[in-house]
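Trainee: turn this into a structure:
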Amino acid sequence: MGLQKRVCLSLIGITILIGSCIKLSQPNSKIEHFTLEYDAPQLADRTPLAHVIRVERFSVAPEYNSDRITYRDKSFKRDAYVYYRWRANPGDLITSFLVRDMKHSGLFKAVLSYDSRLPSSFLVEGTVDEFFEFDTEERWEAVLSVGITLMAEHEPESSRKILFQKSFHARHPCARKHPRALAEAMSEAMSAVSKDILETLHSFLKKQTK
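Mentor: Model (predicted):
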């Protein structure tokens, strides 16, 4: 076999090898992004309060601090989908929807985002402690746990600055075993948690103003 022919065959082999590597490294499926979607909770027969509340950006527990959808199918084990993801980090999702719900409720004079420069009277900090899909043989569930801390914005004494701290939990079954159903179930869980947070904040601050 001539030198020229051997070189040609070698180049063909290299090309095939590179092509195979490129194909293996490329994703074999399109990434799908999901978000929460629900109507803002309705709280009737509650007197609006003349308070301005700022909601800080929520932090997230390390095992859920990612846009990848996390699931639990065995004890002490957490895994994440490759091609199914949240549109944003869970902390940003929860912060955004809570601010929206607080504004929509009309329970407060104003509700500010963490990036607003306007002055406020109270500050809400929060953590997303759980935000995952709980898998069993029978069904899947959306699990959500959120902790909030209410603080007086301009109170100089640290012992009096923190007014209360509380955790809120919700679990909601998925209609079917698919990440889209998880997004629906997580939306229901967030709706319940958001309503509990609104009721708790309003009840506490109403007592403070008496």
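
Trainee: where does His169 sit, in terms of helix or strand?
Mentor: Under the criterion of DSSP states H and E, His169 resides in strand 162-173.

Trainee: okay, now the sheet partners of that strand, with direction.
Mentor: According to DSSP bridges, strand 162-173 forms sheet pairs with strand 140-152 (antiparallel).

Trainee: now the strand it pairs with: average pLDDT?
Mentor: Computed over strand 140-152, the mean pLDDT rounds to 97.

Trainee: again, but for stretch 183-203
Mentor: Stretch 183-203 comes out with an average pLDDT of 98.

Trainee: just the buried residues of that stretch, please?
Mentor: 183-198, 201-202 (16 or more other CB atoms under 10 Å). All C-beta spots, glycine's among them, are computed from the backbone N, C-alpha and C.

Trainee: quick check: Glu157 vs Met151, distance?
Mentor: 12 Å (CB to CB, to the nearest Å).

Trainee: before we move on, what about Ala61?
Mentor: From Ala61 to Met151 the distance is 21 Å (CB to CB).

Trainee: so if I had to pick from those two, which one is more boxed in?
Mentor: Met151 (19 against 16; other CB atoms under 10 Å).

Trainee: ok, Lys207 to Gly126 distance?
Mentor: For Lys207 relative to Gly126 (CB to CB), the value is 21 Å.

Trainee: who's more crowded, those two?
Mentor: Gly126 (22 against 8).

Trainee: residue contacts, that one?
Mentor: Listed by CB atoms under 8 Å, 6 or more residues apart in numbering, the contact set of Gly126 reads 55-56, 58-59, 94-95, 98, 146-149.

Trainee: in the strand holding His169, what counts as buried?
Mentor: Buried residues in strand 162-173, defined by neighbour count with 16+ other CB under 10 Å: 163, 168, 170, 172.
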